[in-house]
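S.K.: coords please:
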Amino acid sequence: MKKNHYQWLFITLVSLVLILSLLTLAIGQIRFSISDLLNTLLFRGSQVQNYVLLNVRLPRLLIVFFSGVALALSGSLLQSISRNDLADPGIIGINAGAGLGVAIFFLMFVHQAKTFAYLLPLVAFLGGLFSALLIFILSYDKNKGIHPYKMILVGVGFSMAASGLMVLLITTAERDQVEFITNWLAGNVWGGDWPYVIVTLPVIILSIIYLAFQTQTLNIIQLGEHHAIGLGVHMKRKQLIYLVLATTLASMSVAVVGNIAFIGLLSPHIAKRMVGIRNQRFLVIAGLLGGSLMLMSDLLAKNMIEPNGIPTGILVSMIGAPYFIYLILKK
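M.R.: Numbering: from 1, shown residues only. Next comes the predicted model:
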């Protein structure tokens, strides 16, 4: 594709992210004008404006955007290593494993909010890693590597089992614990506070930086396993490393935005149609699309129904499910 086309697409998506970010900060039960936003961001607003914008909306904005980016990149990695266009952290069970870990930890330490916030990413990662490794082991063939369709079937089965276990936990939990688990299952953005930003964003950003140095290897892997091995790529090791990286990105998101599916499916597909499969460009566009989709879905979801809106995950699923059905029929 032409370089100018990619540059204009990149500028357009960055502009869209900025516009959606401004709308997210401005629209809500308390509305901000452009001058109010500028004054408050420069710490010249009223006490109420400072609190609403800097302590409520800004951390939520960062969580929503970077979670969308992380889910999109996680889906891109899973599709690359499995050679399956239907792979997505929500569909193959990584999200469910991470969420199950978070739910169990929440039930055990519900009264220790500070500890819960700072240990959350680790718990989500361990839950997601357990499910990812289980899926990897059950879908791996020593002669062919990860079997694409077996990975989907095993992942869907594990996701259903984890969701069933969550429902079982609900029957034994107290009312406030039940509310947390049901909100997570619906994809409700609940970790939109600064403590969650502080513990999740560094992990996501470091993962993105590492991924940026792996684009050439990912390009080689897309040539096929035999070509990749011939060019010196240790396929089994790289598949495992990228699976852990995809799990890390998905788990950090799940820890704070709940069970959001389809972002990791939609974004890579749209990005490939726009810029092709070269990872140096494709991953950038996929990440921006994932962040934009999350921002737009969250903006609409929290303002559609007063006063509390609807869970963001429900709106994302309304967009993603028809596209998933289309891909299944197409394949």
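
S.K.: what is the neighbour count of Asp141?
M.R.: As a burial measure, Asp141 scores 9 neighbours (other C-beta atoms under 10 Å). (C-beta placed from N, C-alpha, C; glycine too.)

S.K.: from Gly157, how far out is it?
M.R.: For Asp141, the distance to Gly157 equals 18 Å [C-beta to C-beta, to the nearest Å].

S.K.: repeat that for Gln7.
M.R.: Here the criterion is C-beta to C-beta. By it, Gln7 lies 43 Å from Gly157.

S.K.: these two: who's more crowded?
M.R.: Counted by other C-beta under 10 Å, Gln7 and Gly157 do not tie: Gly157 has more neighbours, with 14 against 10.

S.K.: against Arg83, how distant is that one?
M.R.: From Gly157 across to Arg83, the span is 20 Å (C-beta to C-beta).

S.K.: same question for Gly232.
M.R.: Counting by C-beta to C-beta, the gap from Gly232 to Arg83 is 19 Å.

S.K.: these two: which is more packed in?
M.R.: Between Gly232 and Arg83, counted using other C-beta under 10 Å, the more crowded position is Arg83 (16 against 8).

S.K.: isn't the more buried one up against Met151?
M.R.: No. With contacts counted by C-beta atoms under 8 Å, Arg83 stays clear of Met151, the gap being 9.6 Å.

S.K.: where along the stretch 51-200 of the chain do the strands fall?
M.R.: All strands of the stretch 51-200 of the chain, identified by DSSP state E, counting those that start in this stretch, fall at 140-141, 145-146.

S.K.: burial of Tyr326, as a residue count?
M.R.: Neighbour count of Tyr326, defined by other C-beta under 10 Å: 11.

S.K.: list the buried ones in the helix or strand where it lies?
M.R.: Using DSSP states H and E, the element containing Tyr326 is helix 312-330. When burial is assessed from 16 or more other C-beta atoms under 10 Å, helix 312-330 yields the following buried residues: 312-313, 315-317, 320, 324.

S.K.: also stretch 142-155?
M.R.: Going by 16+ other C-beta under 10 Å, stretch 142-155 has these buried residues: 145-148, 150-152, 154-155.

S.K.: and for stretch 284-300?
M.R.: Burial within stretch 284-300, assessed by neighbour count using 16+ other C-beta under 10 Å, is assigned to 284-299.

S.K.: and what of stretch 203-214?
M.R.: 203-204, 207-208, 211, 214.

S.K.: Ile27: neighbouring residues, count only.
M.R.: Look at Ile27: counted by other C-beta under 10 Å, it has 14 neighbours.

S.K.: okay, the residue lying closest to it once chain neighbours are set aside and Ala26: tell me how far apart.
M.R.: Nearest in space to Ile27, with sequence neighbours left out and distances taken as C-beta to C-beta, 6 or more residues apart in numbering, is Asn303 at 5.9 Å. Taking C-beta to C-beta as the measure, Asn303 falls 11 Å from Ala26.

S.K.: and if you look at Ile204?
M.R.: For Ile204, the distance to Ala26 - C-beta to C-beta - is 25 Å.

S.K.: could you do Gly230 as well?
M.R.: Gly230 sits 54 Å away from Ala26, going by C-beta to C-beta.

S.K.: again with Met296
M.R.: According to C-beta to C-beta, Met296 and Ala26 sit 15 Å apart.

S.K.: please apply the same query to Phe43.
M.R.: On the measure of C-beta to C-beta, Phe43 and Ala26 end up 17 Å apart.

S.K.: cool, and Ser46?
M.R.: Distance from Ser46 to Ala26, by C-beta to C-beta: 15 Å.

S.K.: please apply the same query to Asn55.
M.R.: Per C-beta to C-beta, Asn55 is found 16 Å from Ala26.

S.K.: Thr217 against Val233, yeah?
M.R.: Yes. Assessed by C-beta under 8 Å, Thr217 is found in contact with Val233 at 6.3 Å.

S.K.: list the contacts for Met151?
M.R.: Shown in contact with Met151 (C-beta atoms under 8 Å, 6 or more residues apart in numbering): 82, 84, 87, 92, 135, 139.
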